[in-house]
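Student: Here you go, sequence then predicted model.
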Amino acid sequence: MNNMKSIDLSDLGKGEIPALTRYCGSVFAESAWVCFEEQSHGNSVELKVEGDFEEFFKLTLPEVYRSDEELLL
């Protein structure tokens with residue numbers, strides 16, 4: 001999959017999506033990180049989208065830090 005498009009969930013916290021605050025987007029991205037960590041997926045996965053079209057995406061999770069700035073993943 002050389003031409004695979006990329007989706008970076010940290011983009012959710014940039015405040016560029018109408019009706020989604022930076023804070024809310026960051027919470028969604030961090031929540032996805034927790035789910036992926038629980039399933040041992042690492043910091044990126046290949047995501048297959050099916051429906052009106054079929055395509056593979058590289059889904060990249062944000063870096064998540066504890067309050068003491070220790071990188072968790």
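Tutor: Everything's here; your move.
Student: Residue ranges in this structure under the pLDDT threshold?
Tutor: Within the chain, the ranges that satisfy pLDDT under 70 run 1-2, 64-73.
Student: any idea which residue of it is furthest from its center?
Tutor: Asp52 (22.7 Å; CA atoms, centre = their mean).
Student: That one belongs to a helix?
Tutor: No - under DSSP: H, G, I helix; E, B strand; the rest coil, Asp52 falls outside any helix and is assigned coil.
Student: In contact with it, which residues?
Tutor: Neighbour list for Asp52: empty [criterion: CB atoms under 8 Å, 6 or more residues apart in numbering]. Placement of C-beta: from N, CA and C, glycine included.
Student: how close does it get to Cys24?
Tutor: 28 Å (CB to CB, to the nearest Å).
Student: residue contacts, Ile17?
Tutor: By CB under 8 Å, 6+ apart, Ile17 lies in contact with Gly25.
Student: Understood, closing this out.
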